[in-house]
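Visitor: got a sequence here, can you model it:
(4 chains)
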There are 2 protein chains.
Amino acid sequence: MTNSTPPRRKRPDGSGPAHDDGGAGVAVDSTRDEEGVRHFVERFALTLSNLGFPRMSARVLGTLMVAVEPGLTAGQIGQRLGVSAAAVSGAVRYLVQVGMVAREPVPGSRSDRYRLPDDPWYLAGAAKSGVYKRVADLVQEGVVVVGDETSPSGARLAEMRDFMLFIQDSLVDILDRWERTRTP
Amino acid sequence: MTNSTPPRRKRPDGSGPAHDDGGAGVAVDSTRDEEGVRHFVERFALTLSNLGFPRMSARVLGTLMVAVEPGLTAGQIGQRLGVSAAAVSGAVRYLVQVGMVAREPVPGSRSDRYRLPDDPWYLAGAAKSGVYKRVADLVQEGVVVVGDETSPSGARLAEMRDFMLFIQDSLVDILDRWERTRTP
DNA sequence: CATACACTTCACTAATTTGTGAAACGACAG
DNA sequence: CTGTCGTTTCACAAATTAGTGAAGTGTATG
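Guide: Below you'll find the predicted structure:
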């Protein structure tokens, strides 16, 4: 089991207006069920982390997905998630590295803003990154070491390799089609 | 930075007359580079575990993939990997549960034999399991909680949902096509 | 040029995951 | 029925991963 109750955050700094709009202090659409949103972000993150995604990065991704704003600063993210700035820093570093989040400087401020790229992150995740291709290459090494593509193990591995290549190619086509349906 | 040393147990060196097919006395193709095969299994497992797969299960899967035999007993698997029987037991339980490995009794023995299903395991992993569909459903919940499909966050989530559904459907088609090319 | 704020890095603690040995279990051989 | 051997379960130890507070770094502002 994972932490079901996010760490309680204390409210630092007394500066600024003294009223509380429910926690985030920013752009809260009053019609929106912030409690539900927060819960969704947790489930979203949990699912992604089951797929091998770093947990905190998944949380950050979720936070950006549900944000009304087009982008958030690291500070805002940490505040909304109730985690330390350090945690956000690490999570964001990873996300930027794999191209799932873009960082852009904010004009009159020292903080950068993070936002989801125009090409949504899952496009990168799905095929551009070429996971299937990489697996195919790996399995090909297997074919080589067992030496004989006609042996039982050789045949098994070769079939897997072919399958992965097939999927990779098909996926590229699919992405193409998706983009066409989206941008006529 | 993951484990750089494969499970060390017995088996000191890797070259030489190492004719250890230990008591199991099994189908070692003398032309085959067993050292290389073992190394491949480790890399294979590492890759899968990066994709969120339990590590030992990935090792077992790899072992079955490279085996000359059509199936192996738990004992054989443990021996080849140099891990405890308990570890194999747990790994195999998971694999059977998700349908990536089939268990079949061995006639004149108390041990079962595990083998890869006729429908290769990655077919199950790729689409049948419906990961994309599940993500789509999850994201749909997000659309609901943010309340408005036209808000920035609502639109983002809705697009992701559509994408996941699109991929799921396409993948089903692709699998179809794959199976047709394989069985004319 | 000095200050303050926002982010980053670092060393450490907490929590989760992974794997082990030993005991319990169950099916087949006698 | 009883003994044996392979498998499974269990409680615990080791290793990995996550997240924190505090100190460090850099930049826009006074």
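Visitor: could you use CA atoms for every contact and neighbour count after this?
Guide: Fine.
Visitor: any bit of the helix or strand containing A:His39 sitting next to DNA strand D?
Guide: If you go by DSSP states H and E, A:His39 is part of helix A:34-50. No - Helix A:34-50 is not in contact with DNA strand D by C-alpha under 7 Å from any atom of the strand; minimum separation 7.5 Å.
Visitor: what about that helix, near DNA strand C?
Guide: No - judged by C-alpha under 7 Å from any atom of the strand, helix A:34-50 stays clear of DNA strand C, getting no closer than 8.5 Å.
Visitor: elements contacting the very next helix or strand once past that helix?
Guide: With elements assigned by DSSP H and E, the helix or strand that comes after helix A:34-50 is helix A:55-66. Identification of packing neighbours for helix A:55-66 by 3 or more C-alpha pairs under 8 Å, 6 or more residues apart in numbering or on different chains; DSSP states H and E yields helix A:34-50, helix A:74-81, helix A:85-97, helix B:152-182.
Visitor: what sits against the residue of chain A found nearest chain B?
Guide: Proximity of chain A to chain B (C-alpha to the nearest C-alpha) peaks at A:Gly52, 3.7 Å away. Taking C-alpha atoms under 8 Å, 6 or more residues apart in numbering or on different chains, we find A:Gly52 in contact with B:Ser49, B:Asn50, B:Leu51, B:Gly52, B:Phe53.
Visitor: and the pLDDT for it?
Guide: For A:Gly52, the model assigns a pLDDT of 85.
Visitor: quickly note the distance from it to B:Gly71.
Guide: Per C-alpha to C-alpha, to the nearest Å, A:Gly52 is found 29 Å from B:Gly71.
Visitor: one more: A:Pro70?
Guide: A:Pro70 is 53 Å from B:Gly71, where distance means C-alpha to C-alpha.
Visitor: which of these two has more neighbours?
Guide: For A:Pro70 versus B:Gly71, neighbours defined as other C-alpha atoms under 10 Å in any protein chain shown are more numerous around B:Gly71 (22 against 15).
Visitor: is it true that that one touches B:Arg113?
Guide: Yes - the pair B:Gly71 / B:Arg113 is scored as a contact, 6.0 Å apart, by C-alpha atoms under 8 Å.
Visitor: how about low-confidence regions in chain A?
Guide: Within chain A, the ranges that satisfy pLDDT under 70 run A:1-31, A:125-129.
Visitor: ok, now which ones touch the nearest residue to A:Leu48 once chain neighbours are set aside?
Guide: In space, and not counting its chain neighbours, A:Leu48 is closest to A:Ala58: 6.2 Å by C-alpha to C-alpha, 6 or more residues apart in numbering or on different chains. Neighbouring residues of A:Ala58 by C-alpha under 8 Å, 6+ apart: A:Phe44, A:Ala45, A:Leu46, A:Leu48, A:Ser49.
Visitor: can I get the residues you listed in JSON lines with neighbour count?
Guide: Output for the contacts of A:Ala58, formatted as JSON lines (neighbours: other C-alpha atoms under 10 Å in any protein chain shown):
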{"residue": "A:Phe44", "neighbour count": "21"}
{"residue": "A:Ala45", "neighbour count": "23"}
{"residue": "A:Leu46", "neighbour count": "18"}
{"residue": "A:Leu48", "neighbour count": "20"}
{"residue": "A:Ser49", "neighbour count": "18"}
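Visitor: adding distance to B:Asp173, write the residues you listed out as CSV.
Guide: Formatted as CSV, the contacts of A:Ala58 follow (distance: C-alpha to C-alpha, whole Å):
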residue, distance to B:Asp173
A:Phe44, 27
A:Ala45, 29
A:Leu46, 29
A:Leu48, 25
A:Ser49, 27
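Visitor: show me which of these is closest to DNA strand D.
Guide: A:Ser49 (7.5 Å; C-alpha to the nearest atom of the strand).
Visitor: ok so, going back, what comes up buried for the helix holding A:His39?
Guide: By neighbour count on 16 or more other C-alpha atoms under 10 Å in any protein chain shown, the buried set for helix A:34-50 is A:34, A:37-38, A:40-49.
Visitor: repeat that for stretch A:58-76.
Guide: A:58-68, A:71-76.
Visitor: right, is it up against DNA strand D?
Guide: No - between stretch A:58-76 and DNA strand D, judged by C-alpha under 7 Å from any atom of the strand, nothing touches; the nearest distance is 8.3 Å.
Visitor: mind checking how far stretch A:100-118 is from the chain centre?
Guide: 16 Å (C-alpha atoms, centre = their mean, to the nearest Å).
Visitor: anything in it near chain B?
Guide: No - if you take C-alpha under 8 Å from any C-alpha of the partner chain as the test, stretch A:100-118 misses chain B, and the best it gets is 9.6 Å.
Visitor: specify the angle between the helix holding A:His39 and helix A:74-81 in degrees.
Guide: 100 degrees (axes from the mean of the first three to the mean of the last three C-alpha atoms, to 10 degrees).
Visitor: roughly how far apart are A:Val92 and DNA strand C?
Guide: A:Val92 sits 7 Å away from DNA strand C, going by C-alpha to the nearest atom of the strand, to the nearest Å.
Visitor: swap that for A:Gly130, sorry
Guide: Distance of A:Gly130 to DNA strand C, computed by C-alpha to the nearest atom of the strand: 23 Å.
Visitor: next: A:Arg38.
Guide: 19 Å.
Visitor: just give the number of residues close to A:Leu175.
Guide: A:Leu175 has 19 neighbours, counted by other C-alpha under 10 Å.
Visitor: ok, now the one 5 residues further on?
Guide: Residues lying near A:Arg180 (other C-alpha under 10 Å) number 10.
Visitor: can you pull the domain assignment for chain A?
Guide: Annotated domains of chain A cover A:1-118, A:125-182 [automatic domain parsing].
Visitor: may I see the ones you listed organised as JSON lines, with distance to B:Thr181 added?
Guide: JSON lines is the format used below for the domains of chain A (distance: least, C-alpha to C-alpha, whole Å):
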{"stretch": "domain A:1-118", "distance to B:Thr181": "30"}
{"stretch": "domain A:125-182", "distance to B:Thr181": "11"}
